[in-house]
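> what shape does this take:
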Amino acid sequence: MKKTMRLLALTAVLTCLLGASSGDPKEGTQYFRLKHPVAGVDAHQVVEVFWYDCPDSYAFEKPLETWAARQHPRVKVVRVPAAWPDRPDQLAYARLYYTLDRLGLAEREALPVFRAVRDRHQDLTSEKRVLAWAAERGLDVGAVRRAYRSKAVDAAVEAAPALRERYQVVEEPTVVVGGRFRTSPLQVGSASETVSVMDHLYRTA
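Residues are numbered from 1 along each chain as shown. Below is the predicted model of the structure:
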């Protein structure tokens with residue numbers, strides 16, 4: 001009798017545990033394990049690979065920032081501009097990102113850039129247009145010009161395609177957690193669902 005009761009109790013515990021995890025995101029469907037984990041990164045590192053001219057990247061920006069700000073401590077998302085070596089437009093937007101990042105403005109100006117490119121259909125793929133946009137934003141145009149032309153930004157843009165490949169990303173936006181797992185709105189279906197999957201990966205890392 002006692003043996004039977006212990007068995008029933010164990011079954012109840014297992015059923016409870018399985019039921020609690022039944023709603024967890026599914027590997028191979030909502031997220032994927034990288035074939036080659038990125039070496040030397042923290043288990044809680046969150047990387048976003050994005051493109052300023054991507055509507056899905058735009059839709060994902062605010063939910064991602066809101067999630068990062070709610071964590072304790074706040075999560076510093078590592079931004080990687082999506083860049084393929086044969087895509088001059090992506091390389092140009094990578095240059096814009098690294099220019100702003102060098103000036104410490106990349107996070108603050110993320111949504112303004114997205115709004116300019118996606119809502120107002122501004123082409124920010126040349127120095128002249130970037131400087132005109134910077135003037136509209138009230139930024140230090142001289143500082144933006146110097147950063148845009150700097151060797152440090154040149155080197156970052158040149159390295160951007162290899163950095164994207166390091167995280168084994170083939171679409172944008174994509175989030176990589178801990179250098180081991182990736183998910184994206186294309187895989188999950190929406191920006192909000194992607195945040196939920198990312199949150200699960202972050203908390204169980």
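> now do the strands in this protein.
Along the chain, the stretches classed as strands by DSSP state E are 32-33, 46-50, 78-81, 174-177, 181-183.
> tell me which strands the third one pairs with, and in which orientation.
Just to be clear, that refers to strand 78-81. Strand 78-81 has the following strand partners under DSSP bridges: strand 46-50 (parallel).
> and the partner strand, what's buried?
Buried residues in strand 46-50, counted by 16 or more other Cβ atoms under 10 Å: V46, V47, E48, V49, F50. C-beta: built from backbone N, CA, C; applies to glycine.
> do the same with stretch 153-162
Under 16+ other Cβ under 10 Å, the buried positions of stretch 153-162 are V153, A156, V157, A160, P161.
> residue contacts, the second one?
When you say that, I think you mean A156. By Cβ atoms under 8 Å, 6 or more residues apart in numbering, A156 lies in contact with A94, Y98, D101.
> contact partners for the second one?
Read it as Y98. Counted by Cβ under 8 Å, 6+ apart, Y98 has contacts P81, A152, V153, A156, V157, A160.
> change it to 7 Å
V153, A156, V157 (Cβ atoms under 7 Å, 6 or more residues apart in numbering).
> what's the closest non-adjacent residue to the first one?
Spatial nearest neighbour of V153, chain neighbours left out: Y98 (4.7 Å); criterion: Cβ to Cβ, 6 or more residues apart in numbering.
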